[in-house]
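[1] model the following, please.
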Amino acid sequence: MSKTDQPQANAEGIAAAARSARKKGPPPVHLWNPPFCGDLDMRITRDGTWFYLGTPIGRHELVKLFSSIIRKDSDDYFLVTPVEKVGIKVDDAPFVAVDFNPVEGGLEFLTNVGDKAIAGPEHPIRVVRDPETGEPSPYVLIRRNLEALIDRKSFYRLVELGETEEIDGEDWFGIRSGGEFFPIIPAAELNA
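    Just a heads-up that it's a prediction; the model follows:
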């Protein structure tokens, strides 16, 4: 089927299919392999705002519904139902970690769409630094290969909990959760 022969996807149809699939528990989007139906004019900005046709989606429940059927294949993001797969744009990460709390076993992160994950081996934290400015962008894996950008206030709170640990002969400043140490920055750069 060529792209011109593909049925046109729209947000209403995707939402209806997602609601139907969600009635049976969390949608197993990783198991679905529907045909690609083209790109949808939907975008998730770095701050976690979802846009459809250039307008912010104001209904939080609709955003949560769409977020339940998002999947990342290679570097591309899709909304996936049992019958269709549509491409969407994601500026950075599909979720934003808006808070965290110390719990038994580690640090539990909460996303802007209500997902929770305890940082550890299955939900690692990673920090990417801008090569020009050195500005850190911290992420936590939420589900499968979908990450949340940790918001600035939460990152500052994390740094307050940080400690130093030696990795391959170099001291690193980082965070411990779920029995794992997640490096943030070489300790020598803290004192520079």
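[2] what are the boundaries of the helices in this protein?
    11-22, 60-67, 152-160, 187-190 (DSSP state H).
[3] flag the helix or strand of this protein with the lowest per-element mean pLDDT.
    Within the chain, no helix or strand scores below helix 11-22, which has a mean of 66 by mean pLDDT, DSSP states H and E.
[4] how much space between the closest residue in space to residue 159 that isn't next to it in sequence and residue 118?
    In this structure, residue 159 finds its nearest non-sequential neighbour in residue 184, 7.3 Å apart by C-beta to C-beta, 6 or more residues apart in numbering. C-beta: built from backbone N, CA, C; applies to glycine. Here residue 184 is placed at a distance of 18 Å from residue 118 (C-beta to C-beta, to the nearest Å).
[5] show me which of those two is the more surrounded one.
    More crowded of residue 184 and residue 118, by other C-beta atoms under 10 Å: residue 184, with 21 against 18.
[6] which residues does that one contact?
    127, 136, 138, 159, 162, 172, 173, 174, 175 (C-beta atoms under 8 Å, 6 or more residues apart in numbering).
[7] so the last one bridges to which residues?
    Think residue 175. For residue 175, the beta-bridge assignment (DSSP bridges) gives partners residue 182.
[8] any idea how many residues pack against it?
    Using other C-beta under 10 Å, the number of residues around residue 175 comes to 22.
[9] that one touches residue 124, doesn't it?
    No: applying C-beta atoms under 8 Å, one finds residue 175 not in contact with residue 124, separated by 10.6 Å.
[10] ok, residues contacting stretch 126-134?
    So stretch 126-134 is contacted by 135, 136, 137, 138, 139, 182, 183, 184, 185 (C-beta under 8 Å, 6+ apart).
[11] again, 6 Å this time
    136, 137, 138, 139, 184 (C-beta atoms under 6 Å, 6 or more residues apart in numbering).
[12] then stretch 37-54?
    6-7, 9, 11, 56-57, 63, 84, 86-92, 94, 96, 112.
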